[in-house]
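Enquirer: Structure for this input, please:
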Amino acid sequence: MRTPIASFPALAALPPTPQAADPPPAARLRLGLLGRMQARDVSGRSVLPRARKTQAVLAILAMAAPAPVLRDRLTALLWSGRNREQARASLRQCVHELQTLLHPLGGDLFRAERHHLSLRADALWLDLNARPAGVRPEPLLEDLAGLDPAFERWLNEERRRIERAAAAEAEMVLNGLAHSTNGNPPDPAATLAAAERLLVIDRTHEGAWRAVMATHAARGERAAAIDAYGRCAAALAEVADVVPAAETQALLAAIRCDAAAAGRPPAATPEITHATKRPWGHGARVGVMPFRSLDPPGDDPLALGLAEEITMALSRFRWIFVIASTSLATLANEPLDSPRWQELHLDFLLNGTVLRGRDRARVTVQLLDLRAGGEVAWAGRFDRDAADILALQDEIAAETVARVDPELLLREGRRAAARPTNNVTAYDLVLRAIPAIYRLEPASFRAAGELLADAVALDPDYAAAHAWWACWHLFQVGQGWAEDAAAAMARAGDLAGRAITLDPSDARCLTIAGHVRAYLDHRIDEALALHERALSLNPNLPLAWAFSGLAHAYAGLHEEAIRRIHRARHLSPLDPHGFFFDMALMMPHLLRGDFETVVELGRRALELNPALTSTYKGMLAALGHLGRTDEAAAVGARLLRLDPAFRVTDTVARTPLVRAEDRALYAEGLRRAGLPE
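Expert: Numbering: from 1, shown residues only. Next comes the predicted model:
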């Protein structure tokens, strides 16, 4: 059965997936490790630790239970950048928090020995173990990414292991149906359901595709069988850049021969070639469906206008190619794999609904990844006052596209990273580099610079490659990693200028160039002008609001700086690089004398990314003014491990702060924090 687009999701026609088993009564601690981490007692009360690293310790112990885990193993995973004594001290704090939380659940549940820690397996229930066979799991510990490079490597390996296990389970289900020993032929519906579930986990699994093709053919649905081959070929070309195996092609030939023998013209098989993969250039192709009103009768003007407003807002992002709702309206009742949909070459589809109350409106929006079988990539809900429909349309459209943009970048980056290295474009290389820039791990950061250099060499006219390479040089100088800071600064300026020349209408390029002008060149007026042009081109770009806010802080306009950076956070409150917004807010609050606020912002930013040296500098200046020398000493030691050459004099000389009183306040705070002169 095919699913009309109006009845999402794409696999709605499959039999319902069995639910995970309920926790047994003996389970005193019930942990959810798939997706966002949860921990509850038998009454359902949350016992999740507050500190993210304590959550990670609990998760590691639960996955190993009942086997003990060495304390040294935990410190190596979660505090790999600290010396042994500091790491052990941090682990002891985590142990204390776990003892406080878990002791009421039974004193024997959590065991803390001198050299190792452990949990009783018979008192645990893990959603990881209770997941139904053949169902793709949510990402393991999704909210604990980025704690430590060593933990990140462990987490990625565990995710791959779980994914492989889920695929193996699904494969066993499919093989069991195909080789039934009761003498009866396999149930076609069950076979299709098992194969489709396996394809949700691994859409390049040709055995599953052949099962789909053969089952459709056996039921006389030859057009559906041939269509399945086309989807198989498209998936293999997209993910692995290969064509279907000889066995799959032979099955297709047999099905088409059967169709010809029966007097039916064979269905056309789509050709998958390099020339037709991405004919529109650098970017993702997104369709916007008309929004559906859930309030009969008639059309809701809010529903009609929202899709148009979102289309216009998305089109401001130069790397996103948008297909308007007016072009898609006639396809609303057609299946996603129909020829008319395939002709559009869409990567993503955005749709939504509107429900009106007397003076309120509820709008739901979802973004579907069509290359992942219609998987929901992002979803949002907006409950707002509906008195001013035009203002409501503007507000929801702005917040939607600001949240969709980073999700698209993240997904496109993952897809680019999975492509074979011998067949990449400049666009692929840039997408691979962006996450590594923000992670600020020395090895991957250097690799990101090489990727961007290759992207510029591969496509000298690609503006985004020049802009992100300029941004890379900026971070290199700010982190203290540049062997020749003056040369790196000059190179950043050249690249930023070239990016603007290549595409003067790309808001992201303009705002990156503005930040280079302000932070490295101290040309604040030019920076402010570039940021204003960027925001006039795309007022829904959070990065432009954040960089513009920093430029206003450098100029001494602290209230306006705070307003602009808060606008960035409002547009994208769950941005994967949100730590940068918190870091940006620190400077104007510091220069206003809001030292406690700065310390709190610094703690929050460091929790999300402990590698950005600018965060430490602002936090240390605030701690110095507060006279908290002990805390400043600990934070300062972490900064000096990241940047051993740090000196107050050099930092103040490089600061882009315009006003003498601002520079003096910043320098005095750093000196009071005890940093080397």
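Enquirer: Look up how far residue 677 lies from residue 649.
Expert: 6 Å (Cβ to Cβ, to the nearest Å). Placement of C-beta: from N, CA and C, glycine included.
Enquirer: Those two: who's more crowded?
Expert: residue 649 (12 against 9; other Cβ atoms under 10 Å).
Enquirer: how about that one, what does it touch?
Expert: Shown in contact with residue 649 (Cβ atoms under 8 Å, 6 or more residues apart in numbering): residue 677.
Enquirer: could you measure it against residue 671, distance?
Expert: As judged by Cβ to Cβ, residue 649 and residue 671 stand 10 Å apart.
Enquirer: anything in contact with each of the two?
Expert: Contact with both residue 649 and residue 671 is made by residues residue 677, according to Cβ under 8 Å, 6+ apart.
Enquirer: my guess is residue 533 meets residue 508, correct?
Expert: No: Residue 533 lies out of contact with residue 508 (Cβ atoms under 8 Å); the separation is 12.0 Å.
Enquirer: what about those two, which has more around it?
Expert: Taking neighbours as other Cβ under 10 Å, residue 533 and residue 508 compare with residue 508 leading, 25 against 18.
Enquirer: List the contacts of residue 377.
Expert: If a contact means Cβ under 8 Å, 6+ apart, then residue 377 has 348, 367-369, 407-408, 411 as its contacts.
Enquirer: repeat for residue 531
Expert: By Cβ under 8 Å, 6+ apart, the contact list for residue 531 reads 510-511, 514, 544, 547-548, 551.
Enquirer: could you redo the last one with a cut-off of 10 Å?
Expert: Each residue near residue 531 by Cβ atoms under 10 Å, 6 or more residues apart in numbering is listed here: 507, 510-511, 513-515, 517-518, 544-552, 564.
Enquirer: quick revisit: so what sits against both of residue 533 and residue 508?
Expert: In contact with both residue 533 and residue 508: residue 544, using Cβ under 10 Å, 6+ apart.
Enquirer: Count the residues that sit near residue 477.
Expert: 21.
Enquirer: can you check residue 219 too?
Expert: Other residues near residue 219 come to 13 when the count uses other Cβ under 10 Å.
Enquirer: What residues does it make contact with?
Expert: If a contact means Cβ under 10 Å, 6+ apart, then residue 219 has 188-189, 192, 225 as its contacts.
Enquirer: cool, and residue 595?
Expert: Contacts of residue 595 (Cβ under 10 Å, 6+ apart): 589, 619, 621-628, 669.
Enquirer: The stretch 501-650 of the chain: helices as residue ranges?
Expert: Along the stretch 501-650 of the chain, counting by DSSP state H, counting those that start in this stretch, helices occupy 507-519, 524-537, 542-554, 558-571, 578-592, 595-608, 613-626, 629-642, 648-654.
Enquirer: Give the other helices and strands that the longest one contacts.
Expert: With contacts defined as 3 or more Cβ pairs under 10 Å, 6 or more residues apart in numbering; DSSP states H and E, helix 578-592 has these neighbours: helix 542-554, helix 558-571, helix 595-608, helix 613-626, helix 660-672.
Enquirer: which element is the residue nearest to residue 571 when sequence neighbours are not counted on?
Expert: Nearest residue to residue 571, sequence neighbours excluded (Cβ to Cβ, 6 or more residues apart in numbering): residue 402, at 3.6 Å. Taking DSSP states H and E as the criterion, the element that holds residue 402 is helix 389-418.
Enquirer: Same question for residue 355.
Expert: strand 348-356.
Enquirer: Paired strands for the very next helix or strand once past that strand, with orientation please.
Expert: Using DSSP H and E, the helix or strand that follows strand 348-356 in sequence is strand 360-369. Its sheet considered, strand 360-369 pairs with strand 348-356 (antiparallel), strand 375-385 (antiparallel) by DSSP bridges.
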